[in-house]
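> give me a 3D structure for the following:
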Amino acid sequence: VLSFIIFICYIASQAAAFMMAPLLEFLLALFLFFAYASKLNEKFKGFYWPLTDFLRCVTAAIIYFAISIAAVSKHSDGASKAAGVFGFIATIVYAIDFYITFNDLVTFLKQGSSDSPEGRKSEGKIPHFGYK
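Numbers count the residues shown, from 1 in each chain. All right, here's what the predicted structure looks like:
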């Protein structure tokens, strides 16, 4: 929702060149929301969903921080200032989400590292390494 508000503010401002970043973040967040809601993460096990969410949070925080500084410092209209302030708030929100997602990612990677090749050989399973 915050990305959509920032997108609207950039459309109404003189800093309309920055409108693509919040739009892409909004669409990525919407895609991941529907992917988790429709349980696509359980259907596609080979895709690292926590890593995708982690990278989205990191890039969003960095991009929002950069464009917010540019919008506030270079443009003097109210919509640019509002977009910059909302961008700084989004930076904080994405940084918090980054921290929470990082903890989930560490848990996810620890679960994946428990399947060592030695454990699979002792169970009688043959690792296929992606080849069929």
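> so which strand or helix has V106?
Element membership for V106 (DSSP states H and E) is helix 78-113.
> in this protein, which helix or strand is least confident?
None of the helices or strands of the chain scores lower by mean pLDDT, DSSP states H and E than helix 117-123, at a mean of 47.
> picking up where we left off before, for the helix holding V106, what is the distance to the chain centroid?
Using CA atoms, centre = their mean, to the nearest Å, we find the averaged C-alpha position of helix 78-113 to lie 7 Å away from the chain's own average C-alpha position.
> helices and strands around it, which ones?
Here helix 78-113 touches helix 2-11, helix 49-74, going by 3 or more CB pairs under 8 Å, 6 or more residues apart in numbering; DSSP states H and E. For every residue, glycine as well, the C-beta is placed using N, CA and C.
> residues contacting the residue nearest the centre of the chain?
Among the residues of the chain, the one closest to the centroid is R56, at 2.0 Å (CA atoms, centre = their mean). Contacts for R56 (CB atoms under 8 Å, 6 or more residues apart in numbering) come out as 25, 28-29, 32.
> show me where pLDDT drops low in this protein?
When the per-residue scores of the chain are filtered using pLDDT under 70, the ranges that remain are 112-132.
> ok so, going back, what angle sits between the helix holding V106 and helix 2-11?
With axes from the mean of the first three to the mean of the last three CA atoms, to 10 degrees as the basis, helix 78-113 and helix 2-11 are set at 150 degrees to each other.
> check which residues of helix 78-113 are buried.
79-84, 86-88, 90-91, 93-95, 97-98, 101, 105, 108 (16 or more other CB atoms under 10 Å).
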